[in-house]
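> kindly return the folded structure for what I paste below:
(6 chains)
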4 protein chains.
Amino acid sequence: MPKLGMEPIRKRQLIDATIASIHAYGYGDTTVARIGRAAGVSPGIIHHYFGGKGELLEATMRSLLRGLRRSVIKRLEHAHGPRARIEAIIDGNFAGEQFAPEAVTAWLAFWAQVPHAPRLARLQHVNAQRLRSNLRHAFRELLPAARVDRATSGLAAMLDGLWLRCALTPGGIAPSEARSLAGEYLEHQLIRHRN
Amino acid sequence: MPKLGMEPIRKRQLIDATIASIHAYGYGDTTVARIGRAAGVSPGIIHHYFGGKGELLEATMRSLLRGLRRSVIKRLEHAHGPRARIEAIIDGNFAGEQFAPEAVTAWLAFWAQVPHAPRLARLQHVNAQRLRSNLRHAFRELLPAARVDRATSGLAAMLDGLWLRCALTPGGIAPSEARSLAGEYLEHQLIRHRN
Amino acid sequence: MPKLGMEPIRKRQLIDATIASIHAYGYGDTTVARIGRAAGVSPGIIHHYFGGKGELLEATMRSLLRGLRRSVIKRLEHAHGPRARIEAIIDGNFAGEQFAPEAVTAWLAFWAQVPHAPRLARLQHVNAQRLRSNLRHAFRELLPAARVDRATSGLAAMLDGLWLRCALTPGGIAPSEARSLAGEYLEHQLIRHRN
Amino acid sequence: MPKLGMEPIRKRQLIDATIASIHAYGYGDTTVARIGRAAGVSPGIIHHYFGGKGELLEATMRSLLRGLRRSVIKRLEHAHGPRARIEAIIDGNFAGEQFAPEAVTAWLAFWAQVPHAPRLARLQHVNAQRLRSNLRHAFRELLPAARVDRATSGLAAMLDGLWLRCALTPGGIAPSEARSLAGEYLEHQLIRHRN
DNA sequence: TATGAATGAGGATTCATTCAT
DNA sequence: AATGAATGAATCCTCATTCAT
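Here you go, the predicted model:
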């Protein structure tokens, strides 16, 4: 008789194992065999639950994006005012669970696939748009119209750059430092306007 | 006598073909067969000149780094004063030849290998150190000691973030826009101090 | 549940196919494709069960050695007295199953690898030591101490020489003739002493 | 202008380099590149002088056989009487130049090719026949007709067995010991008859 | 649901051979 | 005579995927 309700459990196990494998071996050396071993199941089961390796990878990227989204949303709920909302977005990006080495390495790996994997590209695009949209809305209440886009692009680039630096030099950047540099960038944008 | 002096020509051809292949197919789907085809030679010749695929990839990353370095150095030669030097570094990073889509995609691909390829990691590390060192020297003449490190980290992150944005949304960011955002960041750092 | 218990069956099939391939094509032209075809399986399965071609070859030599050992041991069990033990060793070496053309060709091929394959060298060394030890123990009861080593070396060389002759001129030497020549050598050693 | 008389010099160099390469890397890992390097020439030259790798290998085996033949013939010239002729053959087989480690390893390698290389098989066959013929002629003057063939086969097997032992355990058998064991075998054959 | 046996296409690499110089 | 550039077939090995149990 079949075990009931295994599906969500197995899917989560396999996604976590995928992130762990990407962190340990890299994207190119992440095989279904390794993922299966890390999850404690046989390689064949991946196709049962996901249909193939590609779908598992897509689900994994989706999971990372969802995690980031939740991290931001959770902080947005307690944010009052535009500036607090931007700070919530910054904090959500560098929260402990998002900024763990495993997650950051996996992020970088998926970024590198984006130019050649349309499915992943769409996920990335949607996410980037949401981030920009959130930032823009907030900046609109704080800056003159002519400066909104530039501030949005600048802060988005700064966030990505800090993530990248974390991925490339593990241990080289602490969440608090990343938050501080992004916060400083925000402050510059606002101070300038106030003067 | 055999055909002489082919080595530098072939090596350059193969490196260019590697960049083209990474751009067209992605790092993981870049095979010696594809590189050979793009260069108009047989796959076997790669081992004749480079010893293996890994060495060719390393040589390719080295070539990208050298190109960036030259682009910066060329501009540094005509830069007088610390601020001009920082602007030369920014301009060198977003010069046309460095910011071409092929180069940017390849950069991203190599970045993603860094956490799992010690040889590539060392190249990246040396390059990052040089960039930081250049920036720090210039900032030291412009900012109080306590702010030098933060300005250096911030500008370095901004540069990387702009590159990354270019790789992820092709056509979405123009060199002039990148230069402008980085320049604005620089200005903010300096303005604050002057006041 | 998957097909169970295939491992020992497949391993035996692949070892037998390896011996057949060495006999048919030679050691250097024995490829995983040919072995797989001879065993009626795909080439990939070799790596599934043995990890690689080298391990399969090692397992094959081990199998040949084990066969020879068993052939000798079986006859030693019914041998009473030192001379009978030596004759049992001779008989075991030239028993039908060991002296088949396939086995002899494979033996020669492995011998030729010994100087350059440490793993195979160890197998050969252990086997040679066992043979010498068995012969020496028996000769000690039959000959004065001063003659034991020479008789051992001489008989061992004779056994190898007869095997080699069999491999080099197929059909040129019958088991019975080999046994007879080895037996005569033994007799000479003993007669001399009795006189 | 072409260098004159290079052919015999180059051929000898290449044959020596082939023996050295077989000794150092084994038959299967002896490539034209390695042979060329050992001889200090380019790989292409092998085809100029020999037409191909196969022909060079055949010439190398021929060279080894010729060396052995000469070693025996030289000693036969000073041998008077049948027994002395047999002893000359034994001595010729274990003379220093024939019994050098390089030569013995190469011998073993060629033996292993014999079952699958008709050209090499013929060389081996002719050589074996000559050895047997020489021994038989001498034994005919020393033994009753019924024993000639057995003595010939036995001594031939003993010679091969001693060579083989030398190849498999380098440094494990001295020429003097080999000569002594073969001489003892000869003596046994003759003593028996005299009684 | 889950296994692991089995496949076969595709990868990097090696290497004898050819050829322009 | 001699080089070494270049080829392309062949080899080992990896791996996503399928499938019988």
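
> ok, residue A:59 - contacts?
By Cβ atoms under 8 Å, 6 or more residues apart in numbering or on different chains, residue A:59 lies in contact with A:11, A:15, A:50. Any C-beta I mention is one placed from the backbone N, CA and C, and that applies to glycine too.

> contacting residues for the second one?
Under the criterion of Cβ under 8 Å, 6+ apart, the neighbours of residue A:15 are A:56, A:59, A:60, A:63.

> what do you get for the last one?
By Cβ under 8 Å, 6+ apart, the residues touching residue A:50 are A:11, A:14, A:56, A:59.

> now do it, the pLDDT please.
With respect to pLDDT, residue A:50 scores 96.

> same check on the second one?
Per-residue pLDDT puts residue A:15 at 97.

> ditto for the first one
The pLDDT attached to residue A:11 in the predicted structure is 96.

> please, which helix or strand holds it?
Element membership for residue A:11 (DSSP states H and E) is helix A:6-25.

> helices or strands up against the helix or strand bottoming out on mean pLDDT in chain A?
Least confident helix or strand, chain A: helix A:175-194 with a mean of 89, by mean pLDDT, DSSP states H and E. Secondary-structure packing of helix A:175-194 (3 or more Cβ pairs under 8 Å, 6 or more residues apart in numbering or on different chains; DSSP states H and E): helix A:82-93, helix A:145-168, helix B:145-168, helix B:175-194.

> follow-up on the earlier one: just after the helix holding residue A:11, pick out the following helix or strand.
Assigned by DSSP H and E, the successor of helix A:6-25 is helix A:32-39.

> and residue A:152, how far from chain D?
Using Cβ to the nearest Cβ, to the nearest Å, residue A:152 is found at 60 Å from chain D.

> now do residue A:97
Distance from residue A:97 to chain D, by Cβ to the nearest Cβ: 53 Å.

> low-confidence ranges, chain A, go.
Residues of chain A meeting the criterion pLDDT under 70: A:1-4, A:192-195.

> show me what from chain A comes close to DNA strand F.
Counting by Cβ under 7 Å from any atom of the strand, chain A comes close to DNA strand F at A:29, A:30, A:31, A:32, A:33, A:43, A:44, A:46, A:47, A:52, A:53, A:54.

> nearest to DNA strand E, of the helices and strands packed on helix A:175-194?
helix B:145-168 (22.1 Å; Cβ to the nearest atom of the strand).

> what packs against the closest one?
Right, helix B:145-168 is packed against helix A:101-113, helix A:145-168, helix A:175-194, helix B:82-93, helix B:101-113, helix B:118-140, helix B:175-194 by 3+ Cβ pairs under 8 Å, 6+ apart.

> just the buried residues of it, please?
B:147-148, B:150-168 (16 or more other Cβ atoms under 10 Å in any protein chain shown).

> follow-up on the earlier one: mind listing what's buried along the least confident helix or strand of chain A?
Quick answer for helix A:175-194 (16+ other Cβ under 10 Å): A:175, A:177-182, A:184-186, A:188-190, A:192.

> quick one on the thing from earlier: tell me which of the contacts of residue A:59 is nearest to DNA strand F?
Once Cβ to the nearest atom of the strand is applied, the member of the contacts of residue A:59 that ends up nearest DNA strand F is residue A:50, at 8.4 Å.

> now the residue of chain A found nearest chain B, nearest residue through space, not along the chain?
With Cβ to the nearest Cβ as the measure, residue A:161 is the residue of chain A nearest to chain B, at 2.7 Å. Spatial nearest neighbour of residue A:161, excluding adjacent residues (Cβ to Cβ, 6 or more residues apart in numbering or on different chains): residue B:161 at 2.7 Å.

> and if you look at residue A:135?
Closest to residue A:135 by Cβ to Cβ, 6+ apart is residue A:152, at 4.6 Å.

> spell out which residues of chain A are next to DNA strand E.
A:2, A:3, A:6, A:7, A:10, A:41, A:42, A:43, A:44, A:45, A:48.

> and those residues, which two are furthest apart?
A:2 and A:43 (20.3 Å; Cβ to Cβ).

> and the residue of chain A nearest DNA strand E?
residue A:44 (2.3 Å).

> could you pull up the residues touching that residue?
Residue A:44 touches residue A:36, counting by Cβ under 8 Å, 6+ apart.

> over to residue A:109?
By Cβ under 8 Å, 6+ apart, the neighbours of residue A:109 are A:22, A:26, A:27, B:112.
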